[in-house]
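> pasting the sequence and the predicted model now:
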Amino acid sequence: MVGRKIYYELATGDVILITPEKHSENAINTTKEQDFQMYDVLAARNPDTVGVIQLEYGQYQAEFQSARSVKVDIETGQLLFEYPKYEPSLSEQVKTLQKENQTLKQENAQLHEEIGNLKAINADLTYQLMVKGVI
C-alpha cells in the first residue's frame, strides 16, 4: 500500500496535485520523474519548481475528508489544512432570530413596566416635596 503524494509549488506552497493512495498490497511507488510523465498538470511545469511530500498510507485521512483545501507551509514543509466554516441553515438561523426577538420583546416590556413604576415613584416624590414646600 502506498500513501498519497502532495505536489506543490515551491515558491507559494500551493498544491498542484494530490495523487491517490494505492490500496493494493503489491502497489509500487512511482518516482517524481514517472509522475511528471503520467500527470499532465505536472508535465506542464518545470520539475525544479515543484516540491513533493510523500505521505504514509492512511496518513491525514480524516483531514483530507473534512478539509476544504490543503496548502504546504514553504518554510516548514508542513501541510496546512483549511476547514469549512460552519454556517447553520437558514431555517435554523430564522428560528434562532425568532427566539432572540421574542426574548428582546419580553425584556422591552419589562423595561417599559419598570419605567412606568419609576415615573410613578418620581411623581409621588415630587408631590411630597411640593406639599412640604421644598419645591
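Arrived safely, thanks for sending.
> could you break this protein into its assigned domains?
Following automatic domain parsing, one finds the domains of the chain at 5-82, 87-135.
> all helices for the chain, in order.
For the chain, the helices defined by DSSP state H cover 32-38, 40-43, 61-66, 90-131.
> what does the second one contact?
With contacts defined as CB atoms under 8 Å, 6 or more residues apart in numbering, helix 40-43 is touched by 7, 16, 17, 35, 36, 37, 50. No exception for glycine: its C-beta is placed from N, CA and C like everyone else's.
> now do 6 Å
Residues outside helix 40-43 that contact it (CB atoms under 6 Å, 6 or more residues apart in numbering) are 16, 17, 35, 36.
> quick one: the residue nearest in space to the middle of the chain from residue 93, how far?
Central residue of the chain (CA atoms, centre = their mean): residue 85, 3.0 Å from the mean position. Distance, residue 85 to residue 93, by CB to CB, to the nearest Å: 14 Å.
> next, residue 89: phi, psi?
phi -60, psi 160 (degrees, to the nearest 10).
> give me the neighbour count for it.
8 (other CB atoms under 10 Å).
> do residue 15 as well
17.
> could you do residue 6 as well?
20.
> same question, residue 132
8.
> what's the answer for residue 3, then?
Neighbour tally, residue 3, other CB under 10 Å: 20.
> and it, what are its phi and psi?
phi -80, psi 170.
> pLDDT score for the residue of the chain positioned farthest from its centre?
Within the chain, residue 133 marks the point farthest from the mean C-alpha position, 68.0 Å out by CA atoms, centre = their mean. pLDDT recorded at residue 133 is 87.
> do residue 25 as well
85.
> how near is it to residue 47?
For residue 25 relative to residue 47 (CB to CB), the value is 30 Å.
> ok, those two, which is more surrounded?
residue 47 (14 against 6).
> how many residues are close by the closest residue to the more buried one other than its chain neighbours?
Once flanking residues are discounted, residue 47 sits nearest to residue 36: 5.7 Å by CB to CB, 6 or more residues apart in numbering. The number of residues packed near residue 36 is 19, by other CB under 10 Å.
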